[in-house]
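Visitor: Need coordinates for the below:
(2 chains)
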Amino acid sequence: MVKIVIIDYGLGNLRNVHKAFKRINEETKITRNIRDVKHADAVVLPGVGAFRDAIKNLTNLKESVLTLMEEERPLLGICLGLQILFSTSTEGGLTKGLDYFKGKVIRLPKDLTVPHMGWNTLKIVRFENPLLSGISDGSYVYFAHSYYPVVENEEETIAITNYGITIPSVISKQSVFATQFHPEKSGKVGINIINNYVKYVKR
Amino acid sequence: MLAKRIMPCLDMNKGRVVKGIGFKHLQDTGDPAELAALYEEQGADELVLLDVAASREHRDTIIDVVRRTSDAVNIPFTVGGGVRSVKDVRRILLNGADKVTINTAAVLKPTLLSESSNSFGSQCIVSSIDVKRVYVQREINVNEKVILETGEGKCWWDTYIYGGTKSVGIDALKWAETVVKMGAGEIVASSLDFDGTKKGYDLEFLKELSERVSVPVIASSGAGNPKHMLEALTIGAADAALAASIFHYGNYTVKEVKEYLLENSILVRL
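Guide: Residues are numbered from 1 along each chain as shown, chains lettered A, B, ... in the order given. The predicted model follows:
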């Protein structure tokens, strides 16, 4: 049995992520214990809330998450969990992220309705990525965010979403996958994406 | 592009849905979690669970409903009614709700909005505003009230609390601007003039509100048919339309409403 752990860094709603995995009969462990992360086969980095708090609360888990990514054990980042993988964010003052993906997280332009809230479509730009295997181009997924990343390495963008500006909605490099939307809230499409992640972990 | 959202609202009392139910094939027609799952199946974009009695005695019942709904659906849902403190907000969110709506407590203590959004993010704090038209003969107190010419005459919109029973005397459009500054990520606008009438939403209010605030606006109160929802999303410029009766009584399914909207060039998730 593979050990997938959901990292609890004191923010947001982990219950829904746990439950989404349960729907495809996958048990996950919610933890903030370093040892659990060290011994995990794969992790999920969820997150709602603010960038600065997330980085602050992650403190003692930061090293083990970085090691996990270096060792190419899979990680799935969701929403804020995607954003903290980037170099920096301007939310709450310029803050350093985990710097796994190069780029800066900035606020959505003022002329848009913010937060970007609701169901928007995925335009898949790299169909070969296992996270989106079998997902139709143009599928609706659920977003709820006010900041977005400006990605430096274009080849890491797997899917984009149009919200007046182009938002990178799925990012991936090596065994790390991250979604700006919430698969755990995106109905059947979301469940299929989570299922793809589990399949990848068990590959 | 972002789709417009259709949101069925479940009015509850003591953990049971109180509005009449039109679904015959459900075993337990009044169970919010079971209805929630049915609405997801029909294509609802989000759900709202509203504790209309909002009594302190039944807080634990609501938490149980939140947990069971969270187990039953894979779409976002909002919980409201009787939310009084950051502690209430935390408890509802940790048990699986995605958002919390706050009305009375925010009017009485606006810092509840900023404290909650600082702790949990503005995307999960929804400000619910109940409004009622106050018609005026001539333009008085123009500095305090936004007076608009409507089809029925000049009026401003008063803010109401305690389930629409108590007038606050604050201009609702100005209050809406304040709640956004305090950290609300969305606004649900309900009208006491239109609620339950099935004659449509207060489009003049919605239009003005949508122009004034930067956050998404959810239209509520008055939907009697899919055309009303179309009007709320076009004339009213709302981002989402909420309705209770037309879905509960089985007059229209969520799917039928969305098909109608799509025929009328509104982008919806089908």
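
Visitor: The helix or strand of chain A with the lowest mean pLDDT - contacts with which helices or strands?
Guide: The helix or strand of chain A with the poorest confidence is helix A:51-58; it has a mean of 88 (mean pLDDT, DSSP states H and E). Helix A:51-58 is packed against helix A:80-83, strand A:95-96, with contacts defined by 3 or more Cβ pairs under 8 Å, 6 or more residues apart in numbering or on different chains; DSSP states H and E. In short, each C-beta sits where N, CA and C put it, glycine included.

Visitor: show me what contacts residue B:213?
Guide: Contacts for residue B:213 (Cβ atoms under 8 Å, 6 or more residues apart in numbering or on different chains) come out as B:176-177, B:180, B:187.

Visitor: Drop anything exposed from these.
Guide: In the contacts of residue B:213, burial by neighbour count holds for B:176, B:180, B:187, counting by 16 or more other Cβ atoms under 10 Å in any protein chain shown.

Visitor: Next, the second one: secondary structure please.
Guide: Put plainly, it is residue B:180. At residue B:180, secondary structure determined by DSSP: H, G, I helix; E, B strand; the rest coil is helix.

Visitor: In contact with it: list those residues for me.
Guide: Here residue B:180 is in contact with B:127, B:187, B:213-215 (Cβ under 8 Å, 6+ apart).

Visitor: Which one of those residues is nearest to residue A:45?
Guide: Within the contacts of residue B:180, proximity to residue A:45 (Cβ to Cβ) peaks at residue B:215, which comes in at 26.8 Å.

Visitor: tell me which parts of chain A are close to chain B?
Guide: Contact residues (Cβ under 8 Å from any Cβ of the partner chain) of chain A with chain B: A:12-13, A:15-16, A:19-20, A:23, A:48-50, A:110, A:113-121, A:140, A:142-146, A:162-163, A:182, A:184-188, A:190-191.

Visitor: Just the buried subset of those, please.
Guide: With burial judged by 16+ other Cβ under 10 Å, the buried subset of the residues of chain A next to chain B is A:12-13, A:15-16, A:19-20, A:48-50, A:113-121, A:140, A:142-146, A:163, A:182, A:184-187, A:190-191.

Visitor: highest average neighbour count across the helices and strands packed on helix A:51-58?
Guide: Counting by mean count of other Cβ atoms under 10 Å in any protein chain shown, helix A:80-83 has the highest mean neighbour count of these, with a mean of 27.

Visitor: Tell me where chain B has strands.
Guide: Along chain B, the stretches classed as strands by DSSP state E are B:5-13, B:16-17, B:47-51, B:77-80, B:99-102, B:125-135, B:148-150, B:153-161, B:166-171, B:186-191, B:217-219, B:240-243.

Visitor: ok, now chain A?
Guide: Going by DSSP E, chain A shows strands at A:4-7, A:28-31, A:42-45, A:75-78, A:86-89, A:95-96, A:101-107, A:116-121, A:123-124, A:140-145, A:147-151, A:157-163, A:165-173, A:176-179.

Visitor: thinking again about what came up before, would you reformat the helices and strands packed on helix A:51-58 as a markdown table and include mean pLDDT?
Guide: Formatted as a markdown table, the helices and strands packed on helix A:51-58 follow (pLDDT from 0 to 100):
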| stretch | mean pLDDT |
| --- | --- |
| helix A:80-83 | 96 |
| strand A:95-96 | 96 |
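
Visitor: out of the ones you listed, nearest to residue A:203?
Guide: Closest among the helices and strands packed on helix A:51-58, using Cβ to Cβ: helix A:80-83, at 21.6 Å.

Visitor: how about the closest one as PDB, C-alpha atoms only?
Guide: What follows is helix A:80-83 as a C-alpha-only set of coordinates in PDB (Å, rounded to 0.1, in the frame of the first residue of the first chain):
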ATOM      1  CA  LEU A  80      -2.200  28.100  -2.400                       C
ATOM      2  CA  GLY A  81      -0.200  24.800  -2.400                       C
ATOM      3  CA  LEU A  82       0.700  25.600  -6.100                       C
ATOM      4  CA  GLN A  83       1.600  29.200  -5.300                       C
END
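
Visitor: How about residue A:177: what's its closest non-neighbour residue?
Guide: residue A:131 (4.6 Å; Cβ to Cβ, 6 or more residues apart in numbering or on different chains).

Visitor: could you list every residue that touches the one you found?
Guide: Contacts of residue A:131 (Cβ under 8 Å, 6+ apart): A:76, A:158, A:170, A:172, A:177, A:179, A:193, A:196-197, A:200.
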